[in-house]
Structure formats: C-alpha cells, structure tokens
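Asker: Take this sequence and fold it.
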Amino acid sequence: MTTSKSTLPPELWAMVIHQLSRDDQRNLLFVSTFFHDLALSDVFSHVTIRFGLWRPDASDYNVVTDDADTPPPPMTEDQRAETALVNLHACEILHHIARTPRFARVIKKLSIRAYVAHSGDGVFELFALKEAVLAMTHIISFRWDGRNPLLNFAVLDALAQSSGHVLRELILPSSDETRTFLAKFKRLQTLILHRPYDPDYMLLLPDDSDVSISDGIEANQSTLARLTLYGDALWRCPVRSLLDLQELEIILPPSLSGLELVLHHCTTLRYVTFDLHVCTNARLLELLTTHPDSLPQLTAFKLFFEQLHPLTHAEVTLLAEFLKGKKTLRMLDLADTDADMEEGTEVPILKILPELPALEVLGLNIQCFEFSHEDFQVLRTHLPPRLSALFLNLTVDGMVLRQDWIEMLSNLTSLRYLHIIDMLDSMDLKQQLLEDHPDSLELVGYNMHLRWLEHDPEQGVPRYSPRWSTEKVKFCTAEDFGCKDWEWLFRYHAPRGLWDRDNLTTQ
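Answerer: Take a look at the predicted model:
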C-alpha cells in the first residue's frame, strides 16, 4: 500500500476513493493519516444530526395524518433512554464541528431530524446547532425535517452568514420564521417548504401572510430551478419570478386561482407535481383541457388527490387526453389515481401509454376484483417493455393468478425497480419474484419495505438483501436509490398511511 501510494498523486487517490462504497471509505479513515485525510471529505460530506427519535407511530402525528383523534403512544422507558443518548451524541458532534474549522469545512450537506418528544425542549440543541453552522462555510444543501424543536431565526441567520454564498438547496417546514428569512438567500436552485407544524393554520392565514415567500422567491429567481410550496403561497408570487422554473410541486392548495397564469407563462417547466384537495380536482382538469399546449417540455408528471373522492372516469379521460400530447413525457406517476379495470370498463390511462414514446418510469393505481387472463393481456399489451421503473398501487381481491403476474412482468425486459402496494393484502409475489424475475431487476418494493435483489456469491442464486429500515424509507434520497428517477417515482408515497404494511421477507 505504501508503494502504491507513492506512485499516485493525492488527486488521483481522491478520485479512486470517491468511487468506493461508504463502508470502504469509512475503513480508510483508520489506515493512515494520508488516507484518513483523503477519505474524510467523502465520509463526512453529508452529516445528519438527530434531535430525539423519529417513530413511525408518532413522529408525524398531525403532520402526515392530520388525525387529531388518535394521539401518539407514549414513549417507553427504553425509548426515553435512547432519546437522551441521541441528543447527547448530537451535541457532541455539533461541539466538535464548532471547535474544528478544518472538519467543518468538509461538510457540504447538513440534514436535521427534529423529533424531540416534549414541546419546549431543544433549546440547548438549537444553540449548539447555531454555533456549529457558523463554522460550516461550504454547505450547499440544508434540510430540516420534524417539528420539535422548530427551526428558529438564530440557526437560519447563522446559515446565511456562513454558507449563504454557496447554499443551493434549502428544504424547510413552512413557518413564520422560515418564510420571513428566505430573502436572506440569493442563489438557491432548490427551495422546498414542506407541510408545516399545523396544516390547518396554513389554510387560514391572512392574505398578506405569504409576502415573505414572494420576497424570497424573487430574491432567487435568477437561479431557482425547483420549487415546492404548500397551500396558496404560490399564487401570491409574481409569475415573473417563476418563469425559469424547471420543477414545480404544488401541495394541497385550497384553490387553483393562479394556475392558469403558471400554465400560460412557465413554459420551461419539465417536472410537475400536484397534490390536491377534492375541491380542486375539477378545476385542474378544466385548465388542462382548455390549455392543451401548456407545459410543452413536460418530462415528469405526478398527481395525488384526496382519496375519498377519486377522479371520475370522465376526468381520467380528460387527463389522458392532455398527457397523450406530451411526447417528451418520460416519467408519469398516477399511482394515486384509479385505473378501474372492471369488466367492460375502458382504462384511458392504459390506452395512451403506447403513444408516449419517451415513457420509462410509470406509477399506476389499478382496481380489479377479479383479474382474468384477458386483463393481464391488456396490461401486457399497454405497458411499454422499455419501462425501467414501475410502481403499482393495487386493489385486487378474489383469486390471484400469481403466474400471470410473473409472465406479465417478464415482458418488461428493462425493468430495474418494481414497487407493489397491495391495498387488500390479497397477493404475495415476493417469493415468485425472487425465483422468476426480469434479469434486469435490481430493487423490489412491497408496501413500505424495499430490498435489493442480490446473488449469492457461492451458489449464484438470487436473494433479497436486508430490508431498508423504516427510517431510511421515510427519509430516502436519490443517493439511497442510486437513481434520481426511482426517488422521484417513490416520492410522497411513503407517508400516506402505509407504514403498517407487511414486511418484505425472504421466505
């Protein structure tokens, strides 16, 4: 190793280390000072700080489910002890960052998960975070998840002071503090304001409440490419500040009062996501119908809606007509929009799939309580064989013809990621997929659990990797998937009430 080291300059070693797995990079920290210093920037380029414990049964209470009638379960003694250790560890890391400028400069991405159990806690943690952020001068991405403690002015001010000149991605909860401080940043490429502490509060804000959001977007309009906003905030932004957007996500707006201007003027949009209340479904379809030539560069389209009032067959037909003209559409996720395959019912979305020449990534919601061979033939005929990723949200009852499913999927010879949500727990394809799957398949999701398909190095037979932890699924990124397309397809499906589905096993 010493001889090899002497024959290569550090720049080439850094390139080699960058291609290694995370485990191998960590191991290099203990080889020598030379390799420690080279591996440091890769191992700690992204740091995640945890305040408290994220729990799937409680952490997103009243943020994901908005269910005020079902309080979260109390923490156990073991969980309280673990929380104390987690918070202590977080403060130790932050203290080390604040006192070690050389190490602080290595950090490029900083993620915070704030899930302290008791309201009012976290004051000391926020102070430690502020001191550490002041030392980090190269942060290009800052992400905050959770509601306790809430992000405050001091941390945002420290971020603007230390890394405001290089910060490109900002992901925050909607709150008075975050909205007011946005104009401090001038070169953002991605701005995501996700669901706030109290979702109902956002729907009752006075008319001038989102002026600060408008100011923040105008301050970054020359660089901003991706924008995610909750509620009516987008409609209070001058459309001139949105003209260069490439990706737009509109989350639960009470109305679509400003969408017509967006469709008319924002011609550079390529990625569009709508998560709608029932009151806005009809208006969306009306606007898409009257503006069929809007979104001329549409590459990715995702639609969610309030599940108690799904789109009617006529509305799905209108949506299909709009999408049919988008020849550049490469990714389509309608896994929250019913495609009813009951006998004698036409499926408009399936019908247009062969007419989308660029389509590679697809999410579908299919209801059919008695699948026949003819139904499988319809799917096999309409699903493009070139699909690289497929997300199926299935409501299937009665006799399930597993072999028909396998044969249908075998036609997808380029499929690398397959995810199935089985709403009625009526079918189980895990073992069949393990034994007989498209050769290209790499990742399998079943309900909210994901596993890689691997091959036993000794026997050469396929096997499932250990499943991803629930926390990893909740906070998954494109780096976890190894593919931006897959993260986009899975995005927003995890927190929609599916945490309690069956585990993906290897039986």
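Asker: nearest residue to His182 other than its sequence neighbours?
Answerer: Quick fix: residue 182 is Leu, not His. Nearest residue to Leu182 in three dimensions, chain neighbours excluded: Gly216, at 2.3 Å (Cβ to Cβ, 6 or more residues apart in numbering). In this view, the C-beta of every residue, glycine as well, is placed from N, C-alpha and C.
Asker: I figured that neighbour hits Leu191, correct?
Answerer: Yes: applying Cβ atoms under 8 Å as the test, Gly216 and Leu191 come out as touching, 7.3 Å apart.
Asker: how about the strands in the stretch 101-250 of the chain?
Answerer: 109-115, 141-148, 169-173, 190-194, 226-230, 247-251 (DSSP state E, counting those that start in this stretch).
Asker: Tell me which of these approaches Leu392 most closely.
Answerer: Closest to Leu392 of the strands of the stretch 101-250 of the chain is strand 247-251 (Cβ to Cβ; 22.6 Å).
Asker: now the angle between strand 226-230 and the closest one, please.
Answerer: 10 degrees (axes from the mean of the first three to the mean of the last three Cα atoms, to 10 degrees).
Asker: need the longest helix for the protein.
Answerer: helix 77-99 (DSSP state H).
Asker: Need the contact partners of that helix.
Answerer: Under the criterion Cβ atoms under 8 Å, 6 or more residues apart in numbering, residues 47, 49-53, 55, 75, 103-104, 107, 116-117, 124-125, 128-129, 131-132, 134-136 lie in contact with helix 77-99.
Asker: hang on, His46 packs against Ile140?
Answerer: No: counting by Cβ under 8 Å, Ile140 is not a contact partner of His46; they are 10.2 Å apart.
Asker: end-to-end on stretch 146-162?
Answerer: By Cα to Cα, to the nearest Å, the extent of stretch 146-162 from end to end equals 23 Å.
Asker: buried sites along that stretch?
Answerer: By 16 or more other Cβ atoms under 10 Å, the buried positions in stretch 146-162 come out as 146-152, 154-160, 162.
Asker: do the same with stretch 212-224
Answerer: The neighbour-count check on stretch 212-224 (16+ other Cβ under 10 Å) flags Ser212, Ile213, Ser214, Asp215, Gly216, Ile217, Glu218, Ala219, Asn220, Gln221, Leu224 as buried.
Asker: any idea how far Leu390 is from Thr470?
Answerer: 23 Å (Cβ to Cβ, to the nearest Å).
Asker: what does Leu334 give?
Answerer: In terms of Cβ to Cβ, Leu334 sits 12 Å off from Leu390.
Asker: and if you look at Leu287?
Answerer: Applying Cβ to Cβ, the value for Leu287 to Leu390 is 29 Å.
Asker: Counting neighbours, what do you get for the closest residue to Phe475 other than its chain neighbours?
Answerer: Nearest non-adjacent residue to Phe475, counting by Cβ to Cβ, 6+ apart: Asp145, 6.6 Å away. Per other Cβ atoms under 10 Å, the neighbour tally for Asp145 reads 21.
Asker: Name all residues that make contact with the nearest residue to Arg491 once chain neighbours are set aside.
Answerer: Leaving aside its sequence neighbours, Arg491 sits nearest to Lys302 (Cβ to Cβ, 6+ apart; 7.4 Å). The contact partners of Lys302, taken as Cβ under 8 Å, 6+ apart, are Val272, Thr273, Phe274, Met331, Leu332, Asp333, Leu334, Gly363, Trp488, Arg491, Tyr492.
Asker: Can you flag the buried ones in the residues you listed?
Answerer: Taking 16+ other Cβ under 10 Å as the criterion, what is buried in these is Val272, Thr273, Phe274, Met331, Leu332, Asp333, Leu334, Gly363, Trp488, Tyr492.
Asker: A strand includes the third one, no?
Answerer: Yes: assignment of Phe274 by DSSP: H, G, I helix; E, B strand; the rest coil places it within a strand.
Asker: I figured it was touching Leu285, is that so?
Answerer: No: using Cβ under 8 Å, Phe274 makes no contact with Leu285, being 10.8 Å away.
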